[in-house]
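here is my input, please return the structure:
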Amino acid sequence: MKPVRCSPIARHAGARAPAVLVAVLAAHGGCSGGDDGGGAPAAPDPYVLVPAEKLAADPAKDCPQSFASAAPLAGNNEGYEAAGQSRGFWLILPPATFAGPRPLFVAFNGTDEDGQEFSERAKLADFAARGFVVVAPSSNGNGTAWPVWDAMHTQSQPDKDNPDLAYFDSLVPCIAAHFSVDKHRIYIGGHSAGGIMTNYVLQRRSELLAGGIVASGVFSLTSLPEPQPLDPMIVLVTWGGDNDEYSGGTSEVKVPAINFVEQASIASVFYDKQAAVGQADCHGANQGHIWLEEKNTGMNGWMVDLLLAHPKGLAGSEGLTLPVPPSPKVSCTTEPFVFTGGLTVECPTTTKKPGCEKICQLYADCAAENATVGSILEPQLTKLGFSGKDNTDCSGCVPHCEAAATEPADAEVLSCMTKQAEEALCGPGIDGALPAIDAINVCCEGQKDSGLCVDVCTIMLENSATESFLPTCVALVGKPK
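Okay, the predicted model is just below:
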């Protein structure tokens, strides 16, 4: 391969060629120039390797009527009609000195905030200062498993006619119809619930996207029923550290706590296994549940460099290297993050009511040991008889089960739950907890005379996050008041 002509990325991105571009140099045969004038090793300009090209769009065809004749304004925009809903978004434009097709960053907000609040919290003006058009659509409470974005689906919640995906599909070309957007440099990102939506969209629109930033986002339940290989792109998975934990929610659904470390691992491993995807991951030094720039780490500029070094077609899936992060509070690597912090919970093996020991071990394997679900269901596990640190003491569960299973109908339920427990394959993430949820749904269906079912359903539905997963319990005991 002929050497690539070197030229500073400054004229495109507002800075001289960053260290991350050395990876592109190695992957594309070197370059013919010297250094960039600042003493750094010469690196090829990605805009030479992949020239900017305008995404073709027409406001009359690609925008709803209210945005067909007038361009969106910097700041808040309302009344955007998509999928039968009126939506809003926050828009940050680059300085007028940036000419030509611009990179686009679509930012998904977290729980209990909108596009503006997330943009300001994550300091996304940093992206615009480097030439990005930043658009942050506001969520509309469309989700079921988590009510912010429609991004998580169980088998009983089929993924179809998704209003949030339809909004994304409409908003990108409409923005491009009014502002010159580079078709090779369209990226997405989001934190917390926005990270969930980022995982969802990356897996469904990889043909469009050059990459994304998944920040503290749940990966479980975001995949297609039949996953397909992803197109070339760069994906950065981030989390705040071992203490990346969130508690709270919306007015409808709340969780006592959820830790995002295991979910970061699941996402990192998934993207790393995609042959065409360049995967990198960064974590804070116990910085909590944050977008990494919230602690003034300088990571926004670092992430901008990473994205711009990998336009569509330069995913970096082979030979990807990273510069040192700008803050000692953050560590980054191209190796997949493998979570190894699992628990082991052993329940009693004897019981006066055969089946109770199997049921308790099922709860232990699928919930108490689960690094994602264990904290979410902590109050429920405690009421079911678990105790101790992280509910690793199961000694009270079997007596609790025996005390609840006093009705004639309980014999059938115990037999059913025993069979379900023996066939269960528990694992990590929300998916790995579903065998226990499925057992309750299957065995308690119509069992209004079962003391065991009434007991477990009443306890589980005290946690609003379980409601969408346990339709059998809702039918049996009703929604909690």
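
residue 285 versus residue 215, what's the distance?
With distances taken as Cβ to Cβ, to the nearest Å, residue 215 is found 16 Å from residue 285. Yep, even glycine has a C-beta here, placed from its N, CA and C like the rest.

check for me that residue 401 belongs to a helix.
Yes. When the secondary structure is assigned by DSSP: H, G, I helix; E, B strand; the rest coil, residue 401 falls within a helix.

so who does it touch?
For residue 401, the contacting residues are 351, 353, 356, 359, 360, 384, 385, 452, by Cβ atoms under 8 Å, 6 or more residues apart in numbering.

would residue 157 count as being in a strand?
No. Per three-state DSSP, residue 157 lies outside any strand segment and is coil.

check contacts around it.
The contact partners of residue 157, taken as Cβ under 8 Å, 6+ apart, are 144, 145, 468.

which among those residues end up buried?
A residue is treated as buried here by neighbour count (16 or more other Cβ atoms under 10 Å); on that basis the buried members of the contacts of residue 157 are 144, 145, 468.

out of the residues you listed, which comes closest to residue 203?
Proximity to residue 203 was ranked across these by Cβ to Cβ; first place goes to residue 145, at 15.8 Å.

how about CSV for the contacts of residue 157, with pLDDT and secondary structure added?
Compiled in CSV, the contacts of residue 157 are given as follows (pLDDT from 0 to 100; DSSP: H, G, I helix; E, B strand; the rest coil):
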residue, pLDDT, secondary structure
144, 89, coil
145, 90, coil
468, 91, helix
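
packing partners of the lengthiest strand in the chain?
When the chain is parsed with DSSP state E, its longest strand is strand 181-191. Under the contact criterion of 3 or more Cβ pairs under 8 Å, 6 or more residues apart in numbering; DSSP states H and E, the helices and strands touching strand 181-191 comprise strand 102-108, helix 115-121, helix 163-178, helix 193-202, strand 211-215, helix 299-308.

out of the ones you listed, flag the one nearest residue 413.
Nearest to residue 413, of all the helices and strands packed on strand 181-191, is helix 193-202, at 33.9 Å by Cβ to Cβ.

and the angle for the closest one with helix 163-178?
Between the axes of helix 193-202 and helix 163-178, defined by axes from the mean of the first three to the mean of the last three Cα atoms, to 10 degrees, the angle is 80 degrees.

which strands or helices does helix 193-202 pack on?
Applying 3+ Cβ pairs under 8 Å, 6+ apart, we find helix 193-202 packed against strand 102-108, helix 163-178, strand 181-191, strand 211-215.

per-domain residue ranges of the protein.
As given by automatic domain parsing, the domain ranges for the chain are 10-49, 59-333, 356-477.

can you redo those as TSV with distance to residue 346?
Formatted as TSV, the entries for the domains of the chain read as follows, by distance: least, Cβ to Cβ, whole Å:
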stretch	distance to residue 346
domain 10-49	47
domain 59-333	21
domain 356-477	7
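
picking up where we left off before, tell me the most buried of the helices and strands packed on helix 193-202?
strand 211-215 (a mean of 30; mean count of other Cβ atoms under 10 Å).

output that strand as PDB - backbone C-alpha positions only.
Written as PDB, here are the backbone C-alpha positions of strand 211-215 (Å, rounded to 0.1, in the frame of the first residue of the first chain):
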ATOM      1  CA  GLY A 211     -19.800   4.100  16.100                       C
ATOM      2  CA  GLY A 212     -21.000   5.000  19.500                       C
ATOM      3  CA  ILE A 213     -20.300   5.500  23.200                       C
ATOM      4  CA  VAL A 214     -22.200   3.200  25.600                       C
ATOM      5  CA  ALA A 215     -22.000   4.800  29.100                       C
END
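
how far out from the middle of the chain is that strand?
Offset of strand 211-215 from its chain centre (Cα atoms, centre = their mean, to the nearest Å): 8 Å.

ok, residue 381 to residue 343 distance?
Here the distance between residue 381 and residue 343 works out to 12 Å (Cβ to Cβ).

quick revisit: wait, which of the helices and strands packed on helix 193-202 is closest to residue 464?
Counting by Cβ to Cβ, and looking across all of the helices and strands packed on helix 193-202, nearest comes helix 163-178 at 21.0 Å.

which other helices and strands contact the closest one?
Using 3+ Cβ pairs under 8 Å, 6+ apart as the contact criterion, the neighbours of helix 163-178 among helices and strands are helix 59-62, strand 75-82, strand 85-92, strand 102-108, strand 133-137, strand 181-191, helix 193-202.

okay, the angle between that helix and strand 102-108?
Computed with the same axes, to 10 degrees, the direction of helix 163-178 lies at 160 degrees from that of strand 102-108.

can you give me how far helix 163-178 is from the chain middle?
Computed by Cα atoms, centre = their mean, the chain-centroid distance of helix 163-178 equals 20 Å.

show the average pLDDT along that helix.
Helix 163-178 comes out with an average pLDDT of 98.

who touches stretch 468-481?
Applying Cβ under 8 Å, 6+ apart, the contact partners of stretch 468-481 are 144-145, 154, 156-157, 434, 437, 440-442, 444-448, 453-454, 456-458, 460-462, 464, 466-467.

buried ones among the residues you listed?
Neighbour-count burial (16+ other Cβ under 10 Å) applied to the contacts of stretch 468-481 gives 144-145, 154, 157, 434, 437, 440-441, 444, 447, 453-454, 456-458, 460-461, 464, 466-467.

three-state assignment of the residue of the chain lying at maximal distance from its centre?
For the chain, the C-alpha farthest from the mean C-alpha position belongs to residue 408; by Cα atoms, centre = their mean, that distance is 44.9 Å. Secondary structure of residue 408, reduced to three states by three-state DSSP: coil.

and it, how far from residue 420?
Relative to residue 420, residue 408 is positioned 20 Å away (criterion: Cβ to Cβ).

what of residue 389?
When distances are taken as Cβ to Cβ, residue 389 and residue 420 turn out to be 28 Å apart.

out of the domains of the chain, flag the one nearest residue 339.
Residue 339 lies closest, by Cβ to Cβ, to one member of the domains of the chain: domain 59-333, at 3.5 Å.

quick check, distance from the closest one to the centre of its chain.
What separates the centre of domain 59-333 from the centre of its chain is 9 Å, taken as Cα atoms, centre = their mean.

so how far does it reach from one end to the other?
Using Cα to Cα, to the nearest Å, one end of domain 59-333 lies 41 Å from the other.
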